[in-house]
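**Q** A predicted structure for the sequence below; I have some questions about it.
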Amino acid sequence: MNEKNQDTGDASMHDSSSSTQCELSVVLAASHEDDIGHSWEQCLTSIARQLNHHTVEVFAVTDNAAEARLISEKFANVTLIESETRQPVQPLWGLALPRARGRVIAITDACCIPDARWIEAILRAHEDDKIAIGGAIEMAPGSSPVDWAVYFARYFVRHMPLTFPFDAGPTLEVPCENGTYKHPALAENMNSIAATGFWEVEVNANLRGQGHTLWCDPRIVVQYTNKFSLRGFARHRWVHGRIFGRMRAAKCTPMQRAFYILTAPAIPIVLLSRVVRNVMRKRRFLGAFALSLPLVIGFLICWSVGEFAELISRHTSPQGTAQSQR
């Protein structure tokens, strides 16, 4: 792992090597484990235009040498962390998060372009005692059916996808691509994050278990520009299904595990029902969903096969799964 902090003295940027806390830490990462395109330049340019008089530190984590050169040459105030091995985005976030010193920490990836008022919206949302706040993930214009299928399979399997329209209020999930946390919320999970990466499902579950209410705020917006290939996202779903399956197997009793194995053929149906329910709630995506439906079903099956493979595996350590994908 290589790290380079290039501070040219811009008063609005905060030196990440300092022990002084700043207003906001932004942690971006991009994984090349799958066949995927990223938008580093657009993402970092949008952030740079918003700094104004805020003290903000920005971490960019990549496992690609060409992207590292681009960041190093064009964004001098960014703390660049280059991973020498390809790995999922979660462990890449984990390389930067333990170094973040912001009062608030914002997490996203290089496939998301922050809205023009993203930083201001984050800081305003965290003016009170809310500990974790998720923002909207909106689809970029001109997206293909594959892009839409990725979007539905990735976000609409959740209980409440944070796409417009929605109101500010309690939520079950804070999305990793547009998640913001007060520093103490992540500090309690930092040993695990440093060891295996930032897995938002576990972090959010821990926070809910501690009695915290997760929140969503429609003012915090990123635009999703993820350009997976068909093969790349199919593999992505399979890998993440395996990770989820191993985590589930590690925590359940033998009887529960047997139940999950026997009901595994229903996993794609359950996931698809969630997607359909959420699409019907939003309405504005009906056309795009109809065009991408066969691909959505295929991606959900890939996840299900991965989850089933781990449920019947003898290996049960969730950390082992995270490590094995590095």
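**A** Good, I have the coordinates.
**Q** The closest residue to residue 299 other than its chain neighbours: neighbouring residues, count only.
**A** Leaving aside its chain neighbours, residue 299 sits nearest to residue 153 (3.9 Å; criterion: CB to CB, 6 or more residues apart in numbering). The C-beta positions use only the backbone N, C-alpha and C, and glycine is treated the same way. Neighbours of residue 153 under the rule other CB atoms under 10 Å: 25.
**Q** and residue 153, what helix or strand is that in?
**A** The secondary structure element spanning residue 153 is helix 145-155 (assigned by DSSP states H and E).
**Q** So which residues make contact with that helix?
**A** Counting by CB atoms under 8 Å, 6 or more residues apart in numbering, helix 145-155 makes contact with 137, 139-140, 143, 161-163, 175, 224, 226-230, 233, 237, 275, 279, 285, 288-289, 291-292, 295-296, 298-300, 303, all of which sit outside it.
**Q** Restricted to helices, list those.
**A** When DSSP state H is applied, those are split such that 230, 233, 237, 275, 279, 288-289, 291-292, 295-296, 298-300, 303 fall in helices.
**Q** quick one: low-confidence ranges for this structure?
**A** 1-20, 33-37, 159, 314-326 (pLDDT under 70).
**Q** how about the helices in it?
**A** 40-48, 65-74, 89-96, 118-125, 145-155, 183-187, 190-196, 200-209, 230-251, 254-262, 267-282, 286-311, 318-324.
**Q** Just want the most central residue of the protein.
**A** Here the mean C-alpha position of the chain is nearest to the C-alpha of residue 176 (CA atoms, centre = their mean), at a distance of 2.8 Å.
**Q** So that residue sits against residue 111, correct?
**A** No. In this structure, residue 176 is not within contact of residue 111 by CB atoms under 8 Å, at 11.6 Å.
**Q** related to what we said a few turns ago, what angle sits between the helix holding residue 153 and helix 230-251?
**A** 10 degrees (axes from the mean of the first three to the mean of the last three CA atoms, to 10 degrees).
**Q** what's the angle from helix 145-155 to helix 286-311?
**A** 60 degrees.
**Q** Now do the buried residues in helix 145-155.
**A** Across helix 145-155, burial judged by 16 or more other CB atoms under 10 Å covers 145, 146, 147, 148, 149, 150, 151, 152, 153, 154, 155.
**Q** biggest separation within these, which pair?
**A** Largest separation among the buried residues of helix 145-155 by CB to CB: 145 and 155, giving 16.0 Å.
**Q** Make JSON lines out of the buried residues of helix 145-155 and add distance to residue 258.
**A** Converted to JSON lines, the buried residues of helix 145-155 look like this (distance: CB to CB, whole Å):
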{"residue": "145", "distance to residue 258": "38"}
{"residue": "146", "distance to residue 258": "37"}
{"residue": "147", "distance to residue 258": "38"}
{"residue": "148", "distance to residue 258": "37"}
{"residue": "149", "distance to residue 258": "33"}
{"residue": "150", "distance to residue 258": "33"}
{"residue": "151", "distance to residue 258": "34"}
{"residue": "152", "distance to residue 258": "31"}
{"residue": "153", "distance to residue 258": "28"}
{"residue": "154", "distance to residue 258": "29"}
{"residue": "155", "distance to residue 258": "31"}
